[in-house]
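**Student:** let's see this in three dimensions:
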Amino acid sequence: MESIRALSLDMFIFFVGPLLLAAAIIYGIVMWRQRSRAVKAHSDQATRRLYKTGAEQEKRHGEA
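**Tutor:** Numbers count the residues shown, from 1 in each chain. As a prediction, the model looks like this:
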């Protein structure tokens, strides 16, 4: 009885885990493609700001 329960749990994890992962990846792709122009612009601006800040910090630490 115990081995049947363990086997069914293993099969559940083996099949349901990848299905959940695939669903999450598909959801992420769909959400990524549906971003508005304003969200894309905001994301690009934030990325530029992070790179600029990182470059400034690298300069400061390089001079020390």
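**Student:** quickly find the element holding the residue most central in space within the chain.
**Tutor:** Nearest to the mean C-alpha position of the chain, by Cα atoms, centre = their mean, lies G28 at 7.8 Å. Using DSSP states H and E, G28 sits within helix 2-33.
**Student:** so for K40, what's the pLDDT?
**Tutor:** We have a pLDDT of 90 for K40.
**Student:** same check, this time on the one 3 residues further on
**Tutor:** Among the per-residue scores, S43 holds a pLDDT of 92.
**Student:** what distance do you get for the residue nearest to the centre of the chain to M11?
**Tutor:** 27 Å (Cβ to Cβ, to the nearest Å). Heads up, the C-betas are built off the backbone N, CA and C, glycines and all.
**Student:** just give me how far the host helix or strand of A38 sits from the chain centre.
**Tutor:** Using DSSP H and E, the element containing A38 is helix 37-63. Relative to its chain's centre, helix 37-63 lies at 20 Å (Cα atoms, centre = their mean, to the nearest Å).
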